[in-house]
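Colleague: how would this look folded up:
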Amino acid sequence: MNKNTICLWYNGDAEAAARFYAKTFPDSKLNAVHRAPSDYPSGKKGDVLTVDFTVCGIPCIGLNGGPIFPQTEAFSFQIATEDQEETDRYWHAIVGNGGAESACGWCKDKWGLNWQITPRTLTEAMAKGGDEAKRAFEAMMNMKKIDVAAIDAARRG
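Modeller: Purely as a prediction, here's the structure:
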C-alpha cells in the first residue's frame with residue numbers, strides 16, 4: 001500500500017472516470033473496485049464505494065461520496081506533453097468526452113476534474129525567466145488549448 005494516495009470525490013461514477021483515465025493516459029490503470037458489503041444510508045449492498053486506480057503513475061482512490069463536494073479548480077492534474085500531437089490527443093480526449101475547455105491549457109473532464117495539458121516547451125520557457133518567459137506567458141494568456149508552435153515562436157521573440 002502506498003504511503004500517500006490522492007483521494008478524488010465523485011458523485012457515484014468513480015469507476016467510469018477511472019476506466020476513462022486508464023484508457024486515455026500512459027502508465028494508468030484501474031486497479032480495483034470496492035463494493036459496499038451491506039446497505040448504508042445513501043446506498044445499497046453491492047454499490048461501488050471506492051475505486052483504486054493510477055493516473056500517469058500517481059496512485060488514486062475514487063470515492064463515490066455523492067454530490068455534496070464537487071470538484072473545483074483548486075485541484076488539477078498537470079500532464080506534461082512533448083509536442084502538439086500529444087497535447088491535442090489528451091485535450092481532445094477530455095473535452096471530446098463531455099468535458100469543457102478553459103483557459104491557459106486547462107480543461108475539465110465530464111466528472112468535473114480539472115486538467116492542465118502543458119507542453120514542456122511552455123514549462124521550459126517559464127523556468128528560463130526573463131523576456132523569454134514573459135513572451136511565452138503572454139502568448140499563453142490568449143490560448144485555451146496550448147499552441148506549441150506559437151509558444152515556440154514567442155520564446156524566440
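
Colleague: partners of the one residue sitting closest to the centre of the chain in the sheet?
Modeller: For the chain, the residue nearest the mean C-alpha position is residue 115 (3.4 Å; CA atoms, centre = their mean). Beta-bridge pairing of residue 115 under DSSP bridges involves residue 77, residue 107.

Colleague: what pLDDT does it get?
Modeller: We note a pLDDT of 98 for residue 115 in this prediction.

Colleague: all strands for the protein, in order.
Modeller: Secondary structure of the chain by DSSP state E: the strands cover 6-10, 29-35, 48-55, 58-64, 76-81, 100-101, 106-108, 114-119.

Colleague: now do the third one: distance to the chain's middle.
Modeller: When C-alpha coordinates are averaged (CA atoms, centre = their mean, to the nearest Å), strand 48-55 and its chain have centres 15 Å apart.

Colleague: between it and strand 29-35, how many degrees?
Modeller: If you take axes from the mean of the first three to the mean of the last three CA atoms, to 10 degrees, strand 48-55 sits at 170 degrees to strand 29-35.

Colleague: so strand 48-55 versus strand 76-81, what angle?
Modeller: Here the directions of strand 48-55 and strand 76-81 differ by 30 degrees (the same axes, to 10 degrees).

Colleague: now the strands of the chain in CSV, with distance to residue 125?
Modeller: Backbone N, C-alpha and C define where each C-beta goes, glycine included. Converted to CSV, those look like this (distance: least, CB to CB, whole Å):
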stretch, distance to residue 125
strand 6-10, 28
strand 29-35, 33
strand 48-55, 26
strand 58-64, 25
strand 76-81, 13
strand 100-101, 22
strand 106-108, 18
strand 114-119, 10
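
Colleague: can you tell which of the ones you listed is closest to residue 23?
Modeller: Residue 23 lies closest to strand 29-35 among these, at 9.3 Å (CB to CB).

Colleague: contacts for that closest one next, please.
Modeller: Contacts to strand 29-35, defined as CB atoms under 8 Å, 6 or more residues apart in numbering, come from residues 15, 18-19, 22, 45-54.
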